[in-house]
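Engineer: kindly return the folded structure for what I paste below:
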Amino acid sequence: MAQTAAQKRAQQKYNEKNKEKRKVASYRNSARTFIRSYATDEDLAEFADLIKERARINKLLRRLDGVRSYMNRPEFLEKQQLSIEIWRRPKDLLADREANGDPNVDWQKWFTAKIAPRFSKEEPVVEMVHNGRHHFYNGNRAYDVLDWLD
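Structural biologist: Numbering: from 1, shown residues only. Predicted coordinates:
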């Protein structure tokens, strides 16, 4: 059945408004199709490892959401005299520095030397600023730091 002009406009409007949602659904469907129809035993073994790593990162992110709310309480920040930012991925930290940091700094070079070697591409980065100094920790290490701060 052919779409009317109004239906086409509505579909275009929905597609524009939900680009990320549609992209994720497309990736999910492609992954399912590949696994069901084409995956070899080697592919499945690789996927099993990827799934374990993703589950570890998702668990860490859920925990960090709770920690974020605790860390951002004014009384905690005032007591510790620090600020804390949690970056979902290292590339998010780089994007922020390139957009908002000192324009005279080569942020890609800084990132390649200081951040990229210490974090996996999907691992959250916790940035703590204390007395003007920036310290970067992976999500699990950030818990250790919070323990000795509190």
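
Engineer: quick one: the helices in this protein, in order.
Structural biologist: 5-17, 19-37, 41-71, 74-80, 90-100, 107-110, 139-149 (DSSP state H).

Engineer: out of those helices, which gets the lowest mean score?
Structural biologist: Mean pLDDT per stretch puts helix 139-149 lowest among these, at a mean of 61.

Engineer: the residue nearest the centre of the chain and Ala116: what is the separation?
Structural biologist: Geometric centre of the chain, nearest residue: Arg88, 2.5 Å, by C-alpha atoms, centre = their mean. Noted for Arg88: a distance of 16 Å to Ala116, by C-beta to C-beta, to the nearest Å. For every residue, glycine as well, the C-beta is placed using N, CA and C.

Engineer: how about Gln3?
Structural biologist: Per C-beta to C-beta, Gln3 is found 47 Å from Ala116.

Engineer: and the two? Which one has more around it.
Structural biologist: Using other C-beta atoms under 10 Å as the criterion, Gln3 and Ala116 rank with Ala116 on top: 15 against 10.
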